[in-house]
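Asks: just coords:
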C-alpha cells in the first residue's frame, strides 16, 4: 500500500492535470478535439509518459524496499529493518539506484497506456452513437 497508493494516485492525478494544462480536456469537452486528432493524441501520449515517470519517482524507494523483503527467503523481514539496513550500509542514494532505466521504460509504456484506453473507450463505449436517449 505504501508503494501503490501514492504511485497510482500520482499517476492518475498528474495525467489529468497535464491534460488540463495542455488544453486536451477542454478541447474534448467542447468538441474541438476532433479538429486536430493527431496533435491531441501526441499531447496525451506525452502526458501519459510524464505521469508514469511521476508515479515511479514517488513509488521507487518503496519498490526497492519491497524487493529486498521479497528476496529474503529465510525469514519475514520487517520493513523498517530493511530501510535501516539500506540507509546505513549504502546511503540514501541506494533508494534511487537504477531509477534512470525505470524512468525511460516508464515513459514508453505509459505514453501508450492511458491514451490508448481513452481512445478505445471513446471509440467503442462512449462513441457518437452510444447512450443516446
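Replies: Everything's here; your move. On a predicted model such as this, the values are computed, not experimentally measured, just so you know.
Asks: I'd like to know which helix or strand in the chain has the lowest mean pLDDT.
Replies: Ranked by mean pLDDT, DSSP states H and E, the helix or strand of the chain with the weakest confidence is helix 24-30, at a mean of 78.
Asks: show me what that one is in contact with.
Replies: 16, 19, 20, 33, 35, 40, 43, 44, 47 (CB atoms under 8 Å, 6 or more residues apart in numbering). Using the backbone N, CA and C atoms, a C-beta is placed for each residue, glycine as well.
Asks: show me what the helix or strand just after that helix is packed against.
Replies: Sequence order places helix 37-71 as the next helix or strand after helix 24-30, per DSSP states H and E. Judged by 3 or more CB pairs under 8 Å, 6 or more residues apart in numbering; DSSP states H and E, helix 37-71 is in contact with helix 4-22, helix 24-30, helix 79-90, helix 99-120.
Asks: hang on, the earlier thing: show me which residues of the least confident helix or strand of the chain are buried.
Replies: By neighbour count with 16 or more other CB atoms under 10 Å, helix 24-30 contains the buried residues 24, 25, 27, 28.
Asks: cool, stretch 81-93 as well?
Replies: Under 16+ other CB under 10 Å, the buried positions of stretch 81-93 are 82, 83, 86.
Asks: for it, the averaged confidence score.
Replies: For stretch 81-93, the mean per-residue pLDDT is 95.
Asks: which residue, other than its chain neighbours, is closest to the residue most central in space within the chain?
Replies: Most central in the chain under CA atoms, centre = their mean is residue 52, positioned 2.8 Å from the mean C-alpha point. Closest residue to residue 52 apart from its sequence neighbours, by CB to CB, 6 or more residues apart in numbering: residue 110 at 2.6 Å.
Asks: so what's that neighbour up against?
Replies: Going by CB under 8 Å, 6+ apart, residue 110 touches 11, 48, 49, 51, 52, 53, 55.
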